[in-house]
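Enquirer: I'll drop the sequence and a predicted model, then ask my questions.
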Amino acid sequence: MPEDDAIETFTALRPQLLGLAYRILGSLADAEDAVQDTFLRWDKADRLDIENPAAWLTAVCTRRSLDLLRAAHRSRVSYVGAWLPEPIHASIESDAERDLERASSLTTAFLLVLQRLTPKERAAYLLHDIFDTSYGEIAETLEIEQSACRKLVSRARAHVAKAKVRHRTSLERQDELLAAFQAAVTSGATAQLATLLSDDVRLSADGGGKVPAALEVLHGKAKVLGFLAKGLHRFWADYRWRVAAINGGRAITLEQAGATVAVVTFAYNEDGEVTDVFIVRNPDKLTRRDPLTIH
């Protein structure tokens, strides 16, 4: 394959490789490293022997992501407070059913469910159910038997189904929630927000030990509303609020002096009630602001 064709092939597949690596790792920085390492392998490979470039690149990227995941796991053991996936500025502009399905697999809630799976369960499930990879190719990638591969996907699918994080919430409902959330923090008026929260709603904040953030997960409507109206109100009321497309849904970014200081995303149940409020404050996870093309 000529060099120009090789680069064109990789460039065309890069959004999918990045999407796969990001879902496995929960970190855009690590995902970009995995994709870059995949390109270096591709650049040095004897491409005349590669019959299916897409399958080859997907396999290499998956294996590299799993290597990085093992290293990341060691560092997360000593992580201060709640660990949340790095938010990404990415939306799904198409109304195609397949694109909407992909969007639901970028939410913070879905990524956290993946974190509870074993690395191979995570990879097998993503490759099969999100990226339509055959069991034969997955088995070869993970160096296991097809029967074992099917079991991995089945177990992962059961965990994801139990968590109920793949449904979609209407944009109107999301916008209603964002307005009520901002009102609760900036003015202390929580009545409207209270009607949109589930009784057992949780609030998780990721400061990474580098900025002030709640270290414990808050449980229950009363605690969450009190924290927003009395705690965050003192610090966030003067920030610049923006609505943004984050992880396939509507979210809030807060800025101070031109820098992003927090990103807030939400999880919803099938009735449209908010089950989780996720706040990322760790500055290392807030450096990227350009919209991504990611599949």
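Expert: Structure received. Fair warning: this is a prediction, and the values are worked out from it, not measured in the lab.

Enquirer: all helices of the stretch 101-250 of the chain, in order?
Expert: 108-115, 119-125, 135-142, 146-163, 171-187, 191-194, 221-226, 233-236 (DSSP state H, counting those that start in this stretch).

Enquirer: which other helices and strands contact whichever helix or strand residue 267 is part of?
Expert: Using DSSP states H and E, residue 267 maps to strand 259-268. Contact here means 3 or more Cβ pairs under 8 Å, 6 or more residues apart in numbering; DSSP states H and E; on that basis strand 259-268 packs against helix 108-115, helix 171-187, strand 240-246, strand 249-256, strand 274-280. Using the backbone N, CA and C atoms, a C-beta is placed for each residue, glycine as well.

Enquirer: by contact count, what packs against the longest one?
Expert: What that stands for is helix 171-187. helix 191-194, helix 233-236, strand 240-246, strand 249-256, strand 259-268.

Enquirer: just to revisit the earlier point, who wins for proximity to residue 84 among the helices and strands packed on strand 259-268?
Expert: Ranking those by proximity to residue 84 (Cβ to Cβ) places strand 274-280 first, at 5.3 Å.

Enquirer: gap between the closest one and the chain center?
Expert: Its chain's C-alpha centre and that of strand 274-280 lie 13 Å apart, by Cα atoms, centre = their mean, to the nearest Å.

Enquirer: in three-state terms, label residue 65 for me.
Expert: helix (DSSP: H, G, I helix; E, B strand; the rest coil).

Enquirer: looks like it contacts residue 19 (just checking).
Expert: No. Checked against Cβ atoms under 8 Å, the pair residue 65 and residue 19 is beyond contact range at 11.1 Å.

Enquirer: give me the more crowded residue out of the two.
Expert: Between residue 65 and residue 19, counted using other Cβ atoms under 10 Å, the more crowded position is residue 65 (28 against 24).

Enquirer: residues contacting residue 264?
Expert: Contacts for residue 264 (Cβ atoms under 8 Å, 6 or more residues apart in numbering) come out as 181, 251, 252, 253, 254, 277, 278, 279, 280.

Enquirer: buried stuff in stretch 128-142?
Expert: Neighbour counts over stretch 128-142 (16 or more other Cβ atoms under 10 Å) mark 128, 129, 130, 131, 133, 135, 137, 138, 139, 141, 142 as buried.
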